[in-house]
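**Student:** task: produce atomic coordinates for the following.
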Amino acid sequence: MADDSPPSRSARPESHGEMEASYISNLQQVPLVWMRVDFQCILLMVILQRLQTLCFSSDSSLFEICRQIRIQVFVEEQGFDIGDEFDELDRTSVHALFSLSVRPNEHIGTLRYDPKKAKIGRLALLPAYRRSGIGKQMMISFERRLMDNSMSMDQGSSLSLPDSSTPVQLRLHSQLRVIGFYSKIGYEPVGPTFIGMCSCISSSLMSISQQ
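**Tutor:** Residues are numbered from 1 along each chain as shown. Model prediction:
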């Protein structure tokens, strides 16, 4: 029996105009989210090369910004007691505040450094900037300042640093759930775990800072 149905669209040749219209139609169906992701990745690669790092002691007015970031991340978000979050070590530590050069007045993260024990702690990054590589860049940026022996305070302070301010290795305490983050940038777990925390030590400051 003869098939009287009209030929399918794929069975007949398309004119140049039809092919162009079909291409445009298919292109419009591509999810725009992929285009946005690609653009964001390119933009982020540029921005990360210009991470600004300020170092100061707790008697600097900038320390209040560090406090607010730590309260938001550790107290409000993670549920730590505010009485445990701030201690005497804040008074003798170097505090670092991070911002992107394109928005120098918008501070996005902080950490503190105990020069006597070569120990990093209280690394906090605001939620909007996570999972983007910025946390790693914060660590590397600070470590490079140590390697360059440039731990002089960006603001005048009463904090005195040891003469040997460039350590061979760095130490830190990591929450167990984020220990993978530190492992990727050269830190290894050492010693027993306690209260959801683990001590870590860097393989060497040189290998970390050259990443």
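**Student:** in the lengthiest strand in the chain, what counts as buried?
**Tutor:** Of all the segments assigned as strand in the chain under DSSP state E, the longest by residue count is strand 103-114. Neighbour-count burial for strand 103-114, counted by 16 or more other CB atoms under 10 Å, picks out 107-114. In short, each C-beta sits where N, CA and C put it, glycine included.
**Student:** in this structure, which spans are helices?
**Tutor:** Assigned by DSSP state H, the chain shows helices spanning 16-28, 32-48, 63-70, 82-85, 89-92, 134-147, 179-184, 205-209.
**Student:** picking up where we left off before, go through the buried residues of strand 103-114 and say which is closest to Ser202.
**Tutor:** Distance to Ser202 across the buried residues of strand 103-114 (CB to CB) is lowest for Tyr113, with 12.8 Å.
**Student:** is that closest one bridged to anything, and to what?
**Tutor:** Here Tyr113 sits in beta bridges with Val94, Ile120, going by DSSP bridges.
**Student:** that one contacts Lys119, correct?
**Tutor:** Yes - contact criterion CB atoms under 8 Å: Tyr113 and Lys119 qualify, at 7.2 Å.
**Student:** check what pLDDT the nearest residue to Ser93 once chain neighbours are set aside gets.
**Tutor:** Spatial nearest neighbour of Ser93, chain neighbours left out: Arg112 (4.3 Å); criterion: CB to CB, 6 or more residues apart in numbering. Note for Arg112: predicted pLDDT of 95.
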